[in-house]
Structure formats: C-alpha cells, structure tokens
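Asker: below is the sequence, then the predicted model.
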Amino acid sequence: KEGLEKAIDYFSQATQLDPDYALAYALLADCYCLQEYYTFVPAGQATNNGKTAAERALLLDDSVAEAHVAMAMVQSFEGDYRGSMRSLRRALDLNPNLAVAHLRYAWELTDAGRLSEAVPEMKRAQELDPISATGNTALGVILIFDRQFEEALFYWSRAGELEPNNPAIQENIAIAY
C-alpha cells in the first residue's frame, strides 16, 4: 500500500513537472488501478482516477504501450472485457516485450476460459521478467489451473526465493504440495 502511495506521489510530481509526459500518466493510472485491485481504496474511486490518467496518457501519445495496459485494467473494472482484451493486444502490438502486458493478457484469457492460450502468455511474461516474484507467482497460479502441479511448485519456489517473507507465496507453495 505504501509503495503504491509513494509511486502515485512521484508520478503525480512528474506530470506536474512535465504535463506532456505520457508514460508518467500511464504509470500513474496503473498505480491507481492497483490500489483498487488490492482493495486499498474503495471500489470505483481508483477506477475514476485511473481512467482520467489513462485517457490523458493515450491523448498525449497513443504509442505508449503502458497506457493501453492501464486502460485495459480500467476497462476490466468497468466490465468491458472485450475492450480490455483489445487494449492489451494493442499494448502487445506496440511492445511485444512488455512483461506486464503479457501477464495481464494471460489473466484476461484465463477469465475468458481460454487457459490453453493463457499458459504460454504467462510463461512469456515470466521469461521477460524472470526475477519478478509477481510474475513467478502468477505463472504458478496459471499452472495450477492447468493441473501442472510440479511446474507450479518450481515457479512458486522461485518466487519464494525472491520474496522469502511473503506469506501468500508460502501459502501457494503449500497448495502445490
């Protein structure tokens, strides 16, 4: 929670210093959305802030992949799953090496019941950012859904090495066993 609040403060300062800095608006939008995702703020509050910042980023520079990723999260919160998928595909077209775009696209595919497509997307996200505890954890979750328990355990163990004091990761390792 504190990390997101600090990031929001820094990205807000960046947009004040440079009102045309599209990437700062995009990452600000993403932070707002993550506040809501993790239920640090009431539902809807962060979506409004996130939508405003994502729209501003896209208005300034439609070629910023992170802006499309942030807009996808807003669209998902608003129940526009097709729009979210379009935004994530656009982000991947703009930057096929953006790990967070692959990760979030994998979650959308999973939500749509397209697990066979989600697994390689999540694997790609992990390959692009192998030292991310979040990426390793997310891949483990997708692999559990796909009943690949030993492989899930491998990635959850890796996540546990990266964040040894994270109780959620330890719980995931127990689930795999």
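Answerer: The structure has been received and is ready for your questions.

Asker: hmm, who's touching the worst-scoring helix or strand of the chain on mean pLDDT?
Answerer: Of the helices and strands making up the chain, the lowest-confidence element is helix 167-176, at a mean of 87, by mean pLDDT, DSSP states H and E. Outside helix 167-176, the residues that touch it by Cβ atoms under 8 Å, 6 or more residues apart in numbering are 133, 137, 140-141, 144, 149-150, 152-153, 156-157, 159-160, 163. Yep, even glycine has a C-beta here, placed from its N, CA and C like the rest.

Asker: can you say which of these are buried?
Answerer: A133, T137, G140, V141, I144, A152, L153, W156, S157, A159, G160, E163 (16 or more other Cβ atoms under 10 Å).

Asker: distance of the second one from L88?
Answerer: Per Cβ to Cβ, to the nearest Å, T137 is found 19 Å from L88.

Asker: for P120, same thing?
Answerer: 15 Å.

Asker: and for Q45?
Answerer: According to Cβ to Cβ, Q45 and L88 sit 23 Å apart.

Asker: neighbour count winner among the two?
Answerer: Under the neighbour definition other Cβ atoms under 10 Å, Q45 and L88 were set side by side, and L88 has more, 30 against 13.

Asker: that one touches Y105, doesn't it?
Answerer: Yes - judged on Cβ atoms under 8 Å, L88 makes contact with Y105 at a distance of 4.3 Å.

Asker: once you drop chain neighbours, what's closest to E78?
Answerer: Closest residue to E78 apart from its sequence neighbours, by Cβ to Cβ, 6 or more residues apart in numbering: T47 at 6.7 Å.

Asker: next helix or strand past the host helix or strand of H102?
Answerer: Secondary structure from DSSP states H and E places H102 in helix 99-111. Next helix or strand after helix 99-111 toward the C-terminus (DSSP H and E): helix 115-128.
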